[in-house]
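**Q** Got a sequence here, can you model it:
(chains A and B)
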Amino acid sequence: MMFQPQRALRRRERRQRSALLRLLQVARPEEVFPLLLQEILGLGFPRAMALEADIDTGNIVPAATLRWPKLEVEKLSSALPRTGQPLTTVLHRAHPAVLPRSEFWARPIYLHPVLYTSPRACREAGHRRKASCLAVRNFRHERPIRLEEQVCSACHARGHAGWVVVELNRNNSEADLHELGELIELSGHLRSRLLKAEQDDHRMREMEVAIARMGTVMQSMADPVVLTDLHHRLIMQNAAAERLFKPQGKMSEGMGRAVELNNLLFSAALSSLVISGGGAYHDLTLVDVTEGEEMLFEAVSAPTYGPDAAQTGTVTVMHDVTDLRRADEELRANYEKLRQTEEIVHLERDRLNLIIENVGDPIIVCDRQARIVVQERLAEELFGPGPESPRSPAQAGNQAQLHDCIARFVASSAERETAPLCLFHPALKLEIEYDARMGKIFDENGQVSYTVTVLRDLTALRRVEQLKMERRMLEVEKFAATGRLAATIAHEVNNPMEAIKNAIYLLAGAIPENARPVYNILQSETERVARIVRQMLGLYRNAEHAKPANLNTIIEDTLLLLNRQLQRARVQIVSDLRPLPQAVVAADQMRQVLSNLVINARDAMPQGGRLLIRTRHVPGHDGLYGWIRILVADTGTGIPQEMIRAIFEPFVTTKGERGTGLGLWIVKGIVNHHTGRLSVRSREGVGSVFRIDLPVVKP
Amino acid sequence: MSVEHQYRILVVDDESSVLITYRLILERQGYQVAACRTSREAIETLRGEEFDLVLCDYSLEEQHTGFEVIAAARQRQANVPAVLLTGYATRETAEEAAIHSINVLFKPIEIEEFLTMTADLLGKEK
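**A** The predicted structure follows:
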């Protein structure tokens, strides 16, 4: 038979193509080796097997065998690694070799490396410029192949390494081996691609799971999460975000507007969020679509990156802080209120302390067990400092007395009470009588929580009153002496004047007509002297001692005495007398005062009119018992303005010939001598008001 | 005023000028007046006669008072009306006078009041 190289070549190509077409039907990588072995045998080789190396451990195991007895496979697969060199060398070089017969294999064998190879780089390596694909590297075998490097740095695909072992016939040509090599090589590529596809598929499934997981996480987040692209267009959002930003079919007009507004607000906020970078929280106000109420969010944005490390968009998470803010604001407001209240309390306390310090009387605050809680400086002198500190026997004694007094008061039903308390003053070394004025402070249950006690030093008060009394007595004495002198003179004048007056009366009929005017002067002037004398004698008559008396009674007596006169003068009496404390006065002098004022009032109302007498107790502001105020008012002619200053001077009168000018002088004298005050207000044609204030002195 | 109804009045005052004017004023009213300067003289007069009214100054010679004269008059005539004329009259004097139903006129007297009171007392007495 003639050798026809062209025909042989064509026959070989045809055979190779059909083998490859069969191989292409393989769907799974593990199916490649068995089919390849069949095809190899189809090429006329006696037997073949595929060995695979574990890239992690380096263990070599048979992957597929054909027509190779099991025992021999084991022998070969264990012997080959031990001889070491051929397998590794073949792999390192990525080049087939033919091993001559040995003690382990009876015929020469053909050894062809099968690696993870591809002429084209993986997708991942294609995206990243600097990454290199393992498959391409293996394909190009730029450097020795090593098992431990069989993982793609770009796509993390695990490579694989193996060998196809083929027992050769004695007469195999170079072309046969080349054909065999090409077949194995193409099968290797196919297997690599299938493996890569399987791995990609696997990775895709994993990614799907991861995406689904992430989706679940995102959807289950109560905070709205929005993913946007670089142009702030929505990519995806979770259910919480949809409630704010996604228009729904059944929405009312108002809700639709709210959604629109939210989108606007969010877009506006997103710009500033992106500018300020990730991590920073921004306040974002949106509208609750169903309720229409304002919602406050804290939004944070972070850029999202693609596999090429370029930014693909922004993810924004919004945290609803409406309630938190409200609570915070409320808390702040409450705190502010509290602070203000505290300030007021401080001010009040300072004010109270100032008052307490300036009262000048010892003040003690006790609890319901009558234990001292607070006391000011003066009280501290009496009772000693706090209960822990040592105190003198006198202070201990004082405290026991105070305790008894307050305990009694607490047990009583009275809200206020005044009780005498005689304490020993340690600094002054004398007993002092106090008026303990006690008051209760109740808690919200109506129970006594505290008592406040103010001690008034009666000794000091009495000393002041004593001095006042003595001064008044002296005044009265002086007045009486003046009165006596005046009376003595008056009495001496009285008798001659009585005779003159009577004589003038007797001469009345015997006066010639031309002497009448002179006689009249004589008569009226004598009458005037008589009145002066009467007043002066009156001063003496009333020089008596002061005694406690009720001024209302004195007023009533005087009015009773003058009643007829007043009635005749058509004067209506209006008396408005209120209960008064006792006053220490010379009753007759006071009668004189009142009768002078009443008579003046009567004289001021020649046509009649109204006379008002009013008494009042005016509480004192000077720590004493106040004043008794007597008003005597008339609706008379009034006192001319130019006279009002002089009205209390002696011999000043508004009554002309009829007045002595002594009445108000005497009134003033008596009031002064009672350490009282006298004043007058008057308007011509309207009337006059005389006001007398007499001090109340407790006997 | 007829003779048989002429009232008799005793006037006592230690100041003679005053005493004279009282007497003249009363006589001008038609009364019969006995005027004495001292208590002693007055009491002496009272022994001999009865009067319808006694007008007496409070302070008389030495430490004597008008009360003594009035008391003497009332020993003889228990209900004889009396008026005490005084410049000094204190409260005590007034109270004592009131106890003994003695009227008081303060010097210097108002002549009109003096005459009214005199006439009233005499009228009452009758």
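
**Q** Tell me which helix or strand the closest residue to A:G663 other than its chain neighbours sits in.
**A** When the adjacent residues along the chain are set aside, A:G663 lies closest to A:N596, with 4.2 Å between them (CB to CB, 6 or more residues apart in numbering or on different chains). Using the backbone N, CA and C atoms, a C-beta is placed for each residue, glycine as well. Remark: A:N596 resides in helix A:587-604, with elements defined by DSSP states H and E.

**Q** tell me which strands and helices that helix is in contact with?
**A** Using 3 or more CB pairs under 8 Å, 6 or more residues apart in numbering or on different chains; DSSP states H and E as the contact test, the elements touching helix A:587-604 are strand A:547-549, helix A:551-568, strand A:609-618, strand A:627-634, helix A:663-673, strand A:687-695.

**Q** Residues touching the longest one, excluding its own?
**A** When you say that, I think you mean helix A:551-568. The set of residues that contact helix A:551-568 without belonging to it, under CB atoms under 8 Å, 6 or more residues apart in numbering or on different chains, is A:573, A:575, A:577, A:579-580, A:583, A:585, A:587, A:590-591, A:594-595, A:598-599, A:602, A:611, A:613, A:615, A:628, A:630, A:694.

**Q** same deal with the third one?
**A** Contacts with strand A:609-618, where a contact means CB under 8 Å, 6+ apart, come from A:551-552, A:555, A:559, A:566, A:570-581, A:594, A:598, A:601-602, A:605, A:626-636, A:687, A:693, A:696.

**Q** try 6 Å
**A** Applying CB atoms under 6 Å, 6 or more residues apart in numbering or on different chains, the set of residues contacting strand A:609-618 from outside is A:552, A:555, A:571-578, A:580, A:601, A:626-627, A:629-636.

**Q** burial count for the residue nearest to A:G663?
**A** Neighbours of A:N596 under the rule other CB atoms under 10 Å in any protein chain shown: 22.

**Q** surely it meets A:W665?
**A** No - A:N596 sits out of contact with A:W665 when judged by CB atoms under 6 Å, with a separation of 9.5 Å.

**Q** For chain B, give me its nearest residue in chain A.
**A** Residue nearest to chain B within chain A: A:N502 (3.0 Å; CB to the nearest CB).

**Q** At the contact with chain B, which residues of chain A appear?
**A** Chain A comes close to chain B at residues A:491, A:494-495, A:497-499, A:501-503, A:505-506, A:530, A:533, A:537, A:541, as judged by CB under 6 Å from any CB of the partner chain.

**Q** quick one: A:V98 and A:R107, what's the gap?
**A** Note on A:V98: its distance to A:R107, by CB to CB, to the nearest Å, is 11 Å.

**Q** A:R471 now?
**A** Taking CB to CB as the measure, A:R471 falls 157 Å from A:R107.

**Q** and if you look at B:I109?
**A** When distances are taken as CB to CB, B:I109 and A:R107 turn out to be 190 Å apart.

**Q** higher neighbour count, those two?
**A** When B:I109 and A:R107 are compared for neighbours, B:I109 comes out ahead with 23 against 15, by other CB under 10 Å.

**Q** A:R391: what secondary structure?
**A** When states are read from DSSP: H, G, I helix; E, B strand; the rest coil, the local structure at A:R391 comes out as coil.

**Q** helices or strands next to the helix or strand harbouring A:R137 in the packing?
**A** Per DSSP H and E: A:R137 is located in helix A:134-140. Here helix A:134-140 touches no other helix or strand, going by 3 or more CB pairs under 6 Å, 6 or more residues apart in numbering or on different chains; DSSP states H and E.

**Q** wait, isn't A:V136 in contact with A:P119?
**A** No - applying CB under 6 Å as the test, A:V136 and A:P119 come out as separate, 7.1 Å apart.

**Q** which of these two has more neighbours?
**A** With other CB under 10 Å as the criterion, A:V136 and A:P119 differ in neighbour count, and A:V136 comes out ahead with 18 against 9.

**Q** residues in contact with the more buried one?
**A** Contacts for A:V136 were tallied using CB under 6 Å, 6+ apart; they are A:A121.

**Q** Under a three-state scheme, what state does A:G249 occupy?
**A** Going by three-state DSSP: A:G249 is coil.

**Q** Can you give me the neighbour number for it?
**A** A count of nearby residues for A:G249, using other CB under 10 Å, gives 4.

**Q** same thing with A:G397?
**A** A count of nearby residues for A:G397, using other CB under 10 Å, gives 14.

**Q** what about it, which helix or strand?
**A** Secondary structure (DSSP H and E) places A:G397 in helix A:393-411.

**Q** which residues touch that helix?
**A** In contact with helix A:393-411 (CB under 6 Å, 6+ apart) are residues A:366, A:368, A:370, A:382-384, A:417, A:419, A:421, A:423-424, A:426, A:436, A:438, A:448, A:451.

**Q** And it, how far out from the chain middle?
**A** With CA atoms, centre = their mean, to the nearest Å as the basis, helix A:393-411 stands 44 Å off its chain's centre.

**Q** avg pLDDT for that helix?
**A** For helix A:393-411, the mean pLDDT works out to 89.

**Q** Just the CA trace of the least confident helix or strand in chain B by mean pLDDT, in PDB.
**A** For chain B, using mean pLDDT, DSSP states H and E, the weakest element among its helices and strands is helix B:91-99, scoring a mean of 78. Coordinates of each C-alpha in helix B:91-99 appear next as PDB, following Å, rounded to 0.1, in the frame of the first residue of the first chain:
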ATOM      1  CA  ARG B  91     -64.300 117.900 138.800                       C
ATOM      2  CA  GLU B  92     -64.400 116.900 142.400                       C
ATOM      3  CA  THR B  93     -66.200 120.200 143.300                       C
ATOM      4  CA  ALA B  94     -68.700 119.600 140.600                       C
ATOM      5  CA  GLU B  95     -69.300 116.000 141.700                       C
ATOM      6  CA  GLU B  96     -69.700 117.100 145.300                       C
ATOM      7  CA  ALA B  97     -72.100 119.800 144.300                       C
ATOM      8  CA  ALA B  98     -74.100 117.300 142.200                       C
ATOM      9  CA  ILE B  99     -74.300 114.900 145.200                       C
END
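
**Q** Among the contacts of helix A:393-411, which one is most surrounded by other residues?
**A** Ranked by neighbour count (other CB under 10 Å), those have A:F383 at the top, with 26 neighbours.

**Q** where along the stretch 101-250 of chain A do the strands fall?
**A** Under the criterion DSSP state E, counting those that start in this stretch, the stretch 101-250 of chain A carries strands at the ranges A:109-115, A:161-167, A:225-229, A:234-237.

**Q** Repeat that for chain B.
**A** Counting by DSSP state E, one finds strands in chain B at the ranges B:8-12, B:32-36, B:53-57, B:82-86, B:103-106.

**Q** Quick check: closest non-adjacent residue to residue 24.
**A** The chain I'm using is chain A. Ranked by CB to CB, 6+ apart and with sequence neighbours excluded, the top spatial neighbour of A:L24 is A:L190, at 7.2 Å.

**Q** That was the other one, I meant chain B.
**A** Computed as CB to CB, 6+ apart, the closest residue to B:L24 that is not its neighbour in sequence is A:L506, at 5.1 Å.

**Q** Please verify my assumption that that neighbour contacts B:R23.
**A** No - in this structure, A:L506 sits apart from B:R23 without contact. The criterion is CB under 6 Å, and the distance is 10.1 Å.

**Q** So if I had to pick from the two, which one is more boxed in?
**A** Set A:L506 next to B:R23 and count neighbours by other CB under 10 Å: B:R23 wins out with 19 against 16.

**Q** For that one, give me the pLDDT.
**A** Per-residue pLDDT puts B:R23 at 92.

**Q** Where do the helices of the stretch 351-500 of chain A begin and end?
**A** Using DSSP state H, counting those that start in this stretch, the helices assigned to the stretch 351-500 of chain A run over residues A:377-383, A:393-411, A:458-507.
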